[in-house]
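1. Pasted the sequence and its predicted model underneath.
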Amino acid sequence: MVISHQYKYVFMQTMKTASTAIAKELCEKYAGEMILHKHASYGEFLAQAKPQEKQYFSFAGVRNPLDVAVSRYELRKSARGPSRDQVNRMQNRYIDDTGASFSQFFTEFMVNRGVDFATVPLNWRSSSFQSIDYIYKYENLQQEFSAILSLAGIQQLRPLPLVNKTSGKAHFLEYYDETTLQFAYTLFEDYLRRWGYDVQENMLRRLTLAQKLRYHRNSLQSRYGETALWSLARRFRPR
């Protein structure tokens, strides 16, 4: 997360939205400084911010989750050396052992195991995320960065330098077969519609109740662990 007291802005770094490049540019050229931790949420910021800081211009980014999923696959496929993250290690091993295509990778982790590999911000439905002043779209990055600076009352010094760009990647839709695309549009439909991304209506596939339950159970388990999942279930069981 980046804040500027001179220009009175705060930037939430969402994953896979060029947030590293933006944060670097803000700190080098526009009086920004890092606070909290890299992917701190707006809610975390508000919980510790001073009254005047809560009035700062806030912004964060979104990106088509179908594109993010492909970038995650390419990143894991090209990974070299051990990762400190357990989920990353599991995905690396799966690709190395099976030579999995993207569709196999997506089905195994997103559909069967419910592992959301940073495709959307976890808190995007929260009132704090919804209250952010400006949400930029990764797909129009240079224009969006110019708009952000203009809204913050800052004169832009140069185009945004880009780093960490995945190389050699075809258009993300080329990675999807019909079945995987149906699952993806169904899983991400609410997010896609909320942020104005195209949804191919003919590709929407209504998951069965069993598939929905399996997906949400696995997603909770991967995020909070088996013990926490059972604790949550006991908390909300009928009395």
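-> All right, it came through fine.
2. and this protein, what are its domains?
-> 2-63+122-151, 65-118+167-235 (automatic domain parsing).
3. Out of those domains, which gets nearest to residue 161?
-> Residue 161 lies closest, by C-beta to C-beta, to one member of those: domain 2-63+122-151, at 6.4 Å. No exception for glycine: its C-beta is placed from N, CA and C like everyone else's.
4. to the chain's geometric centre, what's the distance from the closest one?
-> Averaging C-alpha positions (C-alpha atoms, centre = their mean, to the nearest Å) puts domain 2-63+122-151 14 Å from its chain's average.
5. Quote the end-to-end distance of it.
-> One end of domain 2-63+122-151 sits 16 Å from the other (C-alpha to C-alpha, to the nearest Å).
6. can you pull the contacts of the closest residue to residue 63 other than its chain neighbours?
-> Leaving aside its sequence neighbours, residue 63 sits nearest to residue 138 (C-beta to C-beta, 6 or more residues apart in numbering; 3.8 Å). Contact analysis of residue 138 by C-beta atoms under 8 Å, 6 or more residues apart in numbering lists 16-18, 61-64, 67.
7. Recalculate using a threshold of 6 Å.
-> By C-beta atoms under 6 Å, 6 or more residues apart in numbering, the contact set of residue 138 is 17, 61, 63.
8. Now the nearest residue to residue 98 once chain neighbours are set aside: which helix or strand?
-> Spatially, and ignoring its direct neighbours in sequence, residue 98 is nearest to residue 104 (7.0 Å; C-beta to C-beta, 6+ apart). For residue 104, the enclosing helix or strand under DSSP states H and E is helix 102-106.
9. residues making contact with that helix?
-> 69, 73, 175, 177, 180.
10. After the strand ranked longest in the chain, which helix or strand is next?
-> For the chain, the longest strand by residue count, based on DSSP state E, is strand 57-62. The helix or strand immediately downstream of strand 57-62 is helix 65-77, counting by DSSP H and E.
11. For this protein, which segments count as strands?
-> With DSSP E as the criterion, the chain has strands at 2-4, 9-11, 33-34, 57-62, 134-137.
12. Would you reformat those strands as TSV and include mean neighbour count, mean pLDDT and distance to residue 193?
-> As requested, those are exported to TSV (neighbours: other C-beta atoms under 10 Å; pLDDT from 0 to 100; distance: least, C-beta to C-beta, whole Å):
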stretch	mean neighbour count	mean pLDDT	distance to residue 193
strand 2-4	22	96	29
strand 9-11	26	97	25
strand 33-34	14	95	33
strand 57-62	22	96	12
strand 134-137	18	96	14
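13. Output those as a markdown table; include the columns distance to residue 88.
-> Formatted as a markdown table, the strands of the chain follow (distance: least, C-beta to C-beta, whole Å):
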| stretch | distance to residue 88 |
| --- | --- |
| strand 2-4 | 25 |
| strand 9-11 | 25 |
| strand 33-34 | 23 |
| strand 57-62 | 22 |
| strand 134-137 | 26 |
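14. So which of these is nearest residue 126?
-> Of all the strands of the chain, strand 57-62 sits nearest to residue 126, with 11.8 Å by C-beta to C-beta.
15. partner strands of the closest one, parallel or antiparallel?
-> strand 9-11 (parallel), strand 134-137 (parallel) (DSSP bridges).
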